[in-house]
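>>> What would the 3D arrangement of this be:
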Amino acid sequence: MNAYLFFYDGYVSVSPTVISMSYALSDYFDTVIIFAKHTGFKDFQFKKDNIKIVYCEEYVPVGKSVNKLKYFFKASLNYFKKTQFPRKEDLILNIDDLTFPFSFLLAKLFRAKFTFLSLEIPVDTIPSWKKFLFQFVRSILIQDELRLSSLLTSYHCSSYGKKIYYIPNSIGWQFNYESHSMNLLAQFNHIDFTNKIVCAQIGMIYPQVYSDVLAKVFTSIQSAVLIFHDREEINYSNPFIQELLSINNKNLLLSGLVYDIDEIFLAYRPIDIGIACYKYVDDNFGLIGKASGKLSCYLYFKKPVIVNKLKGYSEIIEKYQCGVVITDVNDFHEWQKAIALIMSNYDYYSQNAYRCYLNEFDFNKQSLPFFKDNCY
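Numbers count the residues shown, from 1 in each chain. Predicted coordinates:
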């Protein structure tokens, strides 16, 4: 039996869900094959021999780009021609909207099992023919109820007759903590962190996650430092990065390190407080819920968090008392109070963070219903 994942965006190395799912599937299937493409991120190397990433560039004629969907599809077909096509006992797992029609019809043609995995909520209008096709999807993997509702609304569809599985965007594999790489704080060897509270925003550096607002707010918080760490090398010539440095030249630090996801613990473990704020620019950000990879990592590494108030998101933090919810991200007084509250009872918030992870964000625990139904 084989499992096939169609991941057109291709950034396997920075997708906890894709990595976690692939590792989990490899325990049930003979081979797990991921159709992807090279991206600006580093290619990922799985530590299990029965997981293979098929880079579609290698299966199309020279000069043809798999950034065009038709060549991505042709590459997939060329791979199948050279190996074997899916069989009845196989699983086809499609990731997001663009490859959905192709992978769904492929599953129907070869009578393979099919599941739609939603990482991103569609923000563009979906053609009517795709909406029609989606009515016949019977199995959906998604992070939580609010994101499901948005997905179904996008497709003008109901959940009637569908099997819904909820999985968080989180780490589902074990780290090897032996590393010779430098941790997040060690790169700033000119700074004494002894009496400083280390707050960090790990992940993208964009206005959509209030990076500019945070930079400004922290100029007034003398007890802390704020570190921005990106998934890729920070481009200092980028106008937004230059703006951040002009806003805050006091206690804002930009990380010059880039970690493979297997070494991401080097970024999370040294910090005190994790920041995970999102603007409601669309449902992807506004309904972030259990789709926030940085939030799940903070909790995994027992870091208390500060988040902004968003439906289906901040309620989790309030329920488990694993951090503080900010109502006005522009108000530095709120930030000062939030940081002081966490540090006044740090062990309490830290233990609650891990308890929240175990109950809400443990990928292996939350994904069990899916594997019981599809892999036995």
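
>>> now this protein, which segments are flagged as low pLDDT?
Applying pLDDT under 70 to the chain flags residues 376.

>>> For the stretch 101-250 of the chain, which segments count as strands?
With DSSP state E, counting those that start in this stretch, the ranges of strands along the stretch 101-250 of the chain come out as 113-117, 139-142, 163-166, 197-202, 224-229.

>>> any chance of those strands in JSON lines, plus distance to K290 and mean neighbour count?
(Glycine included, C-beta is placed from N, CA and C.) Written out in JSON lines, the entries for the strands of the stretch 101-250 of the chain read as follows (distance: least, CB to CB, whole Å; neighbours: other CB atoms under 10 Å):
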{"stretch": "strand 113-117", "distance to K290": "14", "mean neighbour count": "22"}
{"stretch": "strand 139-142", "distance to K290": "9", "mean neighbour count": "21"}
{"stretch": "strand 163-166", "distance to K290": "8", "mean neighbour count": "16"}
{"stretch": "strand 197-202", "distance to K290": "17", "mean neighbour count": "22"}
{"stretch": "strand 224-229", "distance to K290": "22", "mean neighbour count": "22"}
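
>>> now for the ones you listed, which one comes closest to A353?
When those are compared by CB to CB, strand 197-202 sits nearest A353, at 14.1 Å.

>>> Give the partner strands of that closest one in its sheet and their orientations.
The pairing partners recorded for strand 197-202 under DSSP bridges are strand 224-229 (parallel), strand 273-275 (parallel).

>>> Would you format those strands as a markdown table with distance to K162 included?
Formatted as a markdown table, the strands paired with strand 197-202 follow (distance: least, CB to CB, whole Å):
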| stretch | distance to K162 |
| --- | --- |
| strand 224-229 | 38 |
| strand 273-275 | 34 |
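
>>> Out of the strands of the stretch 101-250 of the chain, flag the one nearest Y55.
Distance to Y55, taken as CB to CB, is lowest for strand 113-117 among those, at 19.8 Å.

>>> Pairing partners for that closest one, with directions?
Strand 113-117 pairs in its sheet with strand 91-95 (parallel), strand 139-142 (parallel), by DSSP bridges.

>>> could you redo those strands as TSV and give each row distance to K319?
TSV is the format used below for those (distance: least, CB to CB, whole Å):
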stretch	distance to K319
strand 91-95	29
strand 139-142	20
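
>>> mind checking which of those strands is nearest F228?
Of the strands paired with strand 113-117, nearest to F228 by CB to CB is strand 91-95, at 28.0 Å.

>>> and for that closest one, what are the contacting residues?
Residues outside strand 91-95 that contact it (CB atoms under 8 Å, 6 or more residues apart in numbering): 1-9, 18, 21, 25, 29, 86, 100, 103-104, 106-107, 112-119, 141, 374-375.
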